[in-house]
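Asker: I need the structure of the sequence given here:
(one chain, ligands or ions: 1)
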Amino acid sequence: MRKQLSATGAKPVMGIGSCLVGNAVRYDGQAKCPGSHVQAICEAFEMRAFCPEMGVGMGVPRPPIELVGSENSVRVLDVATHSKEYTVPLAGYAQKVLDMAPDLCGYILVRGSPSCGYEGVKRHSDNGNRLASDQQGIFAMALAVADPLLPLEDDERLNNPGLRESFVARAHAYHDWKLLCDDGLSAHKLVEFYSLHKPDCEALERILADTDRLPLEELSRIFITALMAALSHRSAKT
Ligand code: SF4
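Answerer: Here you go, the predicted structure:
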């Protein structure tokens, strides 16, 4: 059984797109059917469901939206007329989610959504032609910027065993990291934390071999960034 730092044994808190847990919040009033791997994660974590489009008052049913623009400058517009823009409120909803659920340790995004897509979301030209499938959703992009350590995946990528294992490992690590920060950090606790989550990373071992070199705050920031990257890199090799 996995060791954890929590004395209470409470489940770590995971965010998820609301339509993935059966809520009929999609633009057409439907829900999305989650795969068995998403369902298994839902049982192992305490889930908090959010719908950015509902959260910014778009209602249901609602006109569909799409990403429009160049690769590095996309906007979210209504599909039918491109006259209504939702970019700023949908991006701003990411910080609201983090404020509402400061204990989030991961987030399951929704494949293909212009709001919640993790990757490969369709991008269109001003006249509506499809240009590429190379984007993150606007909410997902803002979430990654607002909390760069927060593990993100989407429902379809979680079908990949390596990506799934890495995501769950990173979520547990981030949960434990938040508990450790609340409890008070020390160089000794960093070493203990590393041995608990050990991603087999030489760079991390070098950081921990020289804990006197940097102030604890800076050391901790470098440490957790490197540890989460190492856990993520492990999935990329799978
Ligand atoms: S993909 Fe995101 S914005 Fe769209 S219905 Fe699901 S939770 Fe809401």
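Asker: near the ligand, which residues of the chain show up?
Answerer: Among all residues of the chain, those adjacent to the ligand (criterion: CB under 6 Å from any ligand atom) are 17-19, 25-26, 51-53, 110, 113, 115-116. C-beta: built from backbone N, CA, C; applies to glycine.
Asker: now do R213, the pLDDT please.
Answerer: In this model, R213 is scored at 84, pLDDT.
Asker: any idea how many residues pack against it?
Answerer: Burial of R213, expressed as a neighbour count using other CB atoms under 10 Å, amounts to 9.
Asker: about what we covered before: make TSV out of the residues of the chain next to the ligand and add secondary structure and neighbour count.
Answerer: Below are the residues of the chain next to the ligand laid out as TSV (DSSP: H, G, I helix; E, B strand; the rest coil; neighbours: other CB atoms under 10 Å):
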residue	secondary structure	neighbour count
G17	strand	31
S18	helix	23
C19	helix	25
V25	coil	26
R26	coil	21
C51	coil	21
P52	helix	29
E53	helix	27
V110	coil	25
S113	coil	25
S115	coil	29
C116	coil	30
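Asker: contact partners for the spatially most central residue of the chain?
Answerer: Per CA atoms, centre = their mean, the C-alpha nearest to the average position across the chain is that of L152, at 2.7 Å. Listed by CB atoms under 8 Å, 6 or more residues apart in numbering, the contact partners of L152 are 106-107, 109, 118, 140, 143-144.
Asker: and what of V56?
Answerer: V56 makes contact with 86, 89-90, 92-93 under the criterion CB under 8 Å, 6+ apart.
Asker: let's see 10 Å
Answerer: With contacts defined as CB atoms under 10 Å, 6 or more residues apart in numbering, the neighbours of V56 are 86, 88-93, 96, 115, 139.
Asker: excluding sequence neighbours, find me the nearest residue to it.
Answerer: The shortest distance from V56 to any residue other than its chain neighbours is 4.0 Å, reached at P89 (CB to CB, 6 or more residues apart in numbering).
Asker: tell me the secondary structure at the one you found.
Answerer: Secondary structure assignment for P89 (DSSP: H, G, I helix; E, B strand; the rest coil): helix.
Asker: can you check the one 4 residues further on too?
Answerer: Under the three-state scheme (three-state DSSP), Y93 adopts helix.
Asker: can you give the domain ranges for the chain?
Answerer: Structurally, the chain divides into domains by automatic domain parsing as follows: 13-159, 184-237.
Asker: and the worst-scoring helix or strand of the chain on mean pLDDT, what other elements does it pack with?
Answerer: Ranking every helix and strand in the chain by mean pLDDT, DSSP states H and E puts helix 216-237 at the bottom, with a mean of 85. For helix 216-237, the helices and strands in contact under the criterion 3 or more CB pairs under 10 Å, 6 or more residues apart in numbering; DSSP states H and E are helix 161-183, helix 187-197, helix 202-209.
Asker: what residues sit buried inside that helix?
Answerer: Using 16 or more other CB atoms under 10 Å as the burial criterion, the residues of helix 216-237 that qualify are 219-220, 223-224, 226-232, 234-235.
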